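Novice: okay, predicted coordinates and the sequence, questions at the end:
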2 protein chains.
Amino acid sequence: MTSLLASLRQTLPTTFGLHPTRPVLVGVSGGPDSLCLLDALHRLGYPVIAAHFNHQLRENAEADAVFVQATATRMGIPFAGGAGDVTRFSRARGFSIEEAARALRYPFLFAQARRFHAQAVAVGHHADDQAETVLMHFLRGAGLDGLKGMLPRDLLPVWDPEIPLVRPLLETPRTAILAYCLENDLTPRLDPTNDDPTYFRNRLRHEVLPALETYNPRLRAALTRTAQTLAADYETLQTLTNQAWDKCLLRAGRTYLALSLPPFHAQPLGLQRRLLRKGIETLRPGLRDVDFAAIERVLAFLAEGNEGVCEVVGNLRVFGEGARFWLAEKESDLPTDEWPQVDISPIRWGVGETVPLRAGWRLRAEPVTAPGPVPAGPDRAWVDARGLTPLTVRRRRPGDVFQPLGMDQPVKLSDFFINEKIPRRARDFWPLVCAGEEIVWIPGVRLGERFRVRGETREVLELILGRCDDFRREGNA
Amino acid sequence: MTSLLASLRQTLPTTFGLHPTRPVLVGVSGGPDSLCLLDALHRLGYPVIAAHFNHQLRENAEADAVFVQATATRMGIPFAGGAGDVTRFSRARGFSIEEAARALRYPFLFAQARRFHAQAVAVGHHADDQAETVLMHFLRGAGLDGLKGMLPRDLLPVWDPEIPLVRPLLETPRTAILAYCLENDLTPRLDPTNDDPTYFRNRLRHEVLPALETYNPRLRAALTRTAQTLAADYETLQTLTNQAWDKCLLRAGRTYLALSLPPFHAQPLGLQRRLLRKGIETLRPGLRDVDFAAIERVLAFLAEGNEGVCEVVGNLRVFGEGARFWLAEKESDLPTDEWPQVDISPIRWGVGETVPLRAGWRLRAEPVTAPGPVPAGPDRAWVDARGLTPLTVRRRRPGDVFQPLGMDQPVKLSDFFINEKIPRRARDFWPLVCAGEEIVWIPGVRLGERFRVRGETREVLELILGRCDDFRREGNA
């Protein structure tokens, strides 16, 4: 057994997490890398499927497809073929040829992997590819995300939420792959575009890497090591960011996110920055160039009391709201279903009737027939019913006043809302239960002093604020 | 005001944390970078001290020193000069010339900074130096620690525990520095060794960087950005590692560390690895090449029940001990002061006498004169004194048996120690209080059943295990 086979036998189940009896779909171009990978997996007893995607880029593209299919037949394994017009696709989308090829090839590979119930899609990227990738990112001024290079095993939800992409040859130099092909009488097809200097990657391969190797002859191994180390750091930061995210995230919708401030501020500054970036990435996937200044601006805003609005980037804003903050485009995108909000105003409300509010909230009024303790919470109120009906439910109006339970003077309703920390955007549509012009009860907040039950009260009405589930549960009881 | 001055006026107090009224010591070679820095700080009103270290490497070294001193005199600021034979020092220590120069220059600068009560040592490293540094580490296959480049502000305890090193020009390209020198009529000395291709850094500057710039003309800016991003990630990981370290560290001595397992295992794998590296770095400062395999071996050992010993690296071992583990060279380096341990054996022990044990532990025996509740803890025991004295204190012997309180049969002492989870290395010197051959009390663990106080007991002896502080406290009470 060659040393490559012996090494793969060990690392496939460990580093790459592959189960030896479950099928693996191998993306096979027909070149030495993928042919070696297919052959090695097959020899080690893994059930393999050879999948080839014809990019229709070269004259001999069809011959490559025929070759891979013939190889699969000779090996007695399933073959899956697909094709797409990469040139046309790249023009239509404004993609580079390489981007367009990936955008067509990978969806095909993952679709086939699902069809064959494969545990993974395996591709032939090797150590020299990795060195080129790291160098390419380096020359572009990348951060950890780019410099970590390709991962040995990677789950990419954009392609498949469960099937990973694995790269079993990622630490194998290309020379060892060519040697394997020779030893095992494999006759790979050669891709002439690998030498085309119009591709940036090929210039790296043929010009930059050899030049840099005069300064460090073991550069390729060094870059592989760099990628490994940085991938571990990247993973650590991702894990910690995700843990912190779970602690901070209060709500997530299609157009908004809410994060809790106390756990956010408990994170080190570097993780706070990453949480904001994750929030932006969640609402604006693929948005590039989230600049440092935008993140620092939001951090300063949140540190300074979280009041008002802060511009972020990509048309996103941060809205402060007490002990939490929202990330969204505009305030009207934020949900208001956490509070009772009234749509039609005013509504006449008779005893025994239910008043529907927004988002499943409801008001109900019922006569109290048996004595009992006066309800304590803000969602139920006992009121002296004498001369009270008909009640109305309405929105606030300019000049509204309210005398809260326990106070001897009415106050401005707007001041009362502020004191009670009712979020600004919840105030306009908060339902007010009134008798005539006077506010009897602010559901979920406070009863009016003048309407409380006293010793001389003869007739008690119970006012109840609830949501669908509450009413249903009570109905069944 | 030049744009460089305007930019520094803003960033010096923020990015570099400098207070405008407190002195800054500037390391000045006489070249354009440090001369520009000195001049800019001076013009912005910072009290500056010009410090020059003569490396005695070049013919005109003395002339450089004279130039810097004359410049300081002309500016009306203090000058501090120092000198050292770098060539001789490099030979004596086996350092490269660059390493030796640093090893002599920085201690001089920080000593002068202390003398002048300076808030920081400022040096002239600029954006091109940073790009070269990042590229140099990249070609060597560095991780985050190297690729993050030089920091804008750095506290290096090896030089000074409080005074930081700052690099105010780190984001300024060399061209802007040369322009500043021209505009302000500065006439810097030029260092011919900057062009000497025998220095690796000079080859990077004159050969590699220009070659790579043909692939990305804005490479230097890209590398500065890479350094900034990675420095932030590095700092985040350092902060999180230090937080985790504080949670895990139980004890630290010159030759050992003890970490608590439950908080260790609560960390993500990446931080567990960093904690082990930090432990190794603490006991073996400067140890290079702590390989990945050693760290993985220890992680596996700790995950598999933490039993016994695991080789690490650099002659260090991990010793498992219940819910903690030790990092040390050998078991005999670990402290035993957490338990009573006996030195001389056997010792005769009379009533009223104090038996000194290791590390401040002591045994005391006193007659009980007034009735009271029998002590409950393992550090005090009431025994039936009849026919008991003289007591002896001794180490364990092969074949020892012990009948613990509440059991009707004696058991092997070795089994009893295991059941009681007495650490293996504590067992040989654990003091046993005996009457004749029989074990009366194992201090800190359990009383012997046959010696407990019963209804018919006439004479009670109290046996007490304590440490210096306990006895002193009791004496004062």
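Specialist: Thanks, I have it. Numbering: from 1, shown residues only, chains lettered A, B, ... in the order given.

Novice: pick out the least confidently modelled helix or strand of chain A, by mean pLDDT.
Specialist: helix A:468-476 (a mean of 49; mean pLDDT, DSSP states H and E).

Novice: how far out from the middle of the chain is the helix ranked longest in chain A?
Specialist: As assigned by DSSP state H, the longest helix anywhere in chain A is helix A:219-248. In terms of C-alpha atoms, centre = their mean, to the nearest Å, the centre of helix A:219-248 is set 18 Å apart from its chain centre.

Novice: tell me the mean pLDDT for the next helix or strand after that helix?
Specialist: Sequence-wise, the next helix or strand beyond helix A:219-248 is strand A:249-252, with elements assigned using DSSP states H and E. Strand A:249-252 comes out with an average pLDDT of 96.

Novice: which positions in strand A:249-252 come out as buried?
Specialist: residue A:249 (16 or more other C-beta atoms under 10 Å in any protein chain shown). Heads up, the C-betas are built off the backbone N, CA and C, glycines and all.

Novice: and it, what other elements does it pack with?
Specialist: Strand A:249-252 sits against strand A:256-260, with contacts defined as 3 or more C-beta pairs under 8 Å, 6 or more residues apart in numbering or on different chains; DSSP states H and E.

Novice: CA atoms only for the strand it packs on, dumped as PDB, please.
Specialist: The C-alpha coordinates for strand A:256-260 follow below in PDB (Å, rounded to 0.1, in the frame of the first residue of the first chain):
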ATOM      1  CA  TYR A 256     -35.000  42.800  11.900                       C
ATOM      2  CA  LEU A 257     -32.900  41.400  14.800                       C
ATOM      3  CA  ALA A 258     -33.100  42.300  18.500                       C
ATOM      4  CA  LEU A 259     -30.000  41.800  20.800                       C
ATOM      5  CA  SER A 260     -30.000  42.200  24.500                       C
END
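
Novice: helices and strands around that strand, which ones?
Specialist: Against strand A:256-260 (3+ C-beta pairs under 8 Å, 6+ apart) you get helix A:219-248, strand A:249-252, helix A:269-283, strand A:324-328.

Novice: need the winner for burial among those.
Specialist: strand A:324-328 (a mean of 22; mean count of other C-beta atoms under 10 Å in any protein chain shown).

Novice: what lines up beside it in the sheet?
Specialist: strand A:256-260 (antiparallel), strand A:317-321 (antiparallel) (DSSP bridges).

Novice: and the next helix or strand past it?
Specialist: Next along from strand A:324-328, by DSSP H and E: strand A:347-349.

Novice: for the helix or strand following that following strand, which positions count as buried?
Specialist: Using DSSP H and E, the helix or strand that follows strand A:347-349 in sequence is strand A:354-356. Within strand A:354-356, the residues that count as buried by 16+ other C-beta under 10 Å are residue A:355.

Novice: without its sequence neighbours, what residue ends up closest to the residue nearest the centre of chain A?
Specialist: When C-alpha atoms, centre = their mean is applied to chain A, the residue found nearest the centroid is residue A:282 (4.7 Å). Once flanking residues are discounted, residue A:282 sits nearest to residue A:257: 6.3 Å by C-beta to C-beta, 6 or more residues apart in numbering or on different chains.

Novice: give me the number of residues near the one you found?
Specialist: 23 (other C-beta atoms under 10 Å in any protein chain shown).

Novice: model confidence at it, what's the number?
Specialist: Reported pLDDT for residue A:257: 97.

Novice: so what sits opposite it in the bridge?
Specialist: Bridge pairing for residue A:257 - DSSP bridges - gives residue A:252, residue A:327.

Novice: what's near enough to touch it?
Specialist: A:249, A:251, A:279, A:282-283, A:326-328 (C-beta atoms under 8 Å, 6 or more residues apart in numbering or on different chains).

Novice: is it true that the residue nearest to the centre of chain A touches residue A:252?
Specialist: Yes: taking contacts as C-beta atoms under 8 Å, residue A:282 lies within contact range of residue A:252: 7.2 Å.

Novice: minimum distance to chain B, which residue of the stretch 301-450 of chain A gives it?
Specialist: residue A:303 (14.8 Å; C-beta to the nearest C-beta).

Novice: kindly report the same for the stretch 51-200 of chain A.
Specialist: Closest point on the stretch 51-200 of chain A to chain B, by C-beta to the nearest C-beta, is residue A:141, at 2.6 Å.

Novice: my read: that residue touches residue B:222, true?
Specialist: Yes: Residue A:141 sits in contact with residue B:222 when judged by C-beta under 8 Å, with a separation of 2.6 Å.

Novice: same for the helix or strand hosting residue A:416, what does it pack against?
Specialist: Using DSSP H and E, residue A:416 sits within helix A:413-419. Counting contacts by 3+ C-beta pairs under 8 Å, 6+ apart, helix A:413-419 packs against strand A:401-402.

Novice: quick one: mean pLDDT for the strand it packs on?
Specialist: pLDDT averaged over strand A:401-402 gives 96.

Novice: for stretch A:178-194, same thing?
Specialist: Rounded mean pLDDT across stretch A:178-194 is 88.

Novice: got the buried residues for that stretch?
Specialist: Buried, per 16+ other C-beta under 10 Å, within stretch A:178-194: A:180-181, A:186, A:188, A:191.

Novice: and which of these is nearest residue B:383?
Specialist: residue A:180 (77.8 Å; C-beta to C-beta).

Novice: what's the host helix or strand of that closest one in contact with?
Specialist: Per DSSP H and E, residue A:180 falls inside helix A:174-183. If you take C-beta under 8 Å, 6+ apart as the criterion, helix A:174-183 is touched by A:2, A:4, A:32-33, A:35-36, A:39-40, A:124, A:126-128, A:169, A:186-188.

Novice: select, from these, the two members most distant in space.
Specialist: Top of the distance list for the contacts of helix A:174-183 (C-beta to C-beta): A:127 and A:187, 22.9 Å.

Novice: what sits against residue A:299?
Specialist: Taking C-beta under 8 Å, 6+ apart as the test, what residue A:299 contacts is A:269, A:272-273, A:276.

Novice: residue ranges with poor pLDDT in chain A?
Specialist: Residue ranges of chain A with pLDDT under 70: A:1, A:195, A:469-477.

Novice: how does it look with 50?
Specialist: The model of chain A has pLDDT under 50 over residues A:471-477.

Novice: circling back to that earlier point, any idea of the angle the longest helix of chain A forms with strand A:256-260?
Specialist: 80 degrees (axes from the mean of the first three to the mean of the last three C-alpha atoms, to 10 degrees).

Novice: so, in contact with chain B or not, helix A:219-248?
Specialist: Yes: using C-beta under 8 Å from any C-beta of the partner chain, a contact is recorded between helix A:219-248 and chain B, made by A:219, A:221-223, A:225-226, A:228-230, A:232-233, A:235-237, A:239-240, A:243.

Novice: returning to that earlier point: so what angle separates the directions of the helix holding residue A:180 and helix A:219-248?
Specialist: Going by the same axes, to 10 degrees, helix A:174-183 makes 110 degrees with helix A:219-248.

Novice: that'll do, ta.
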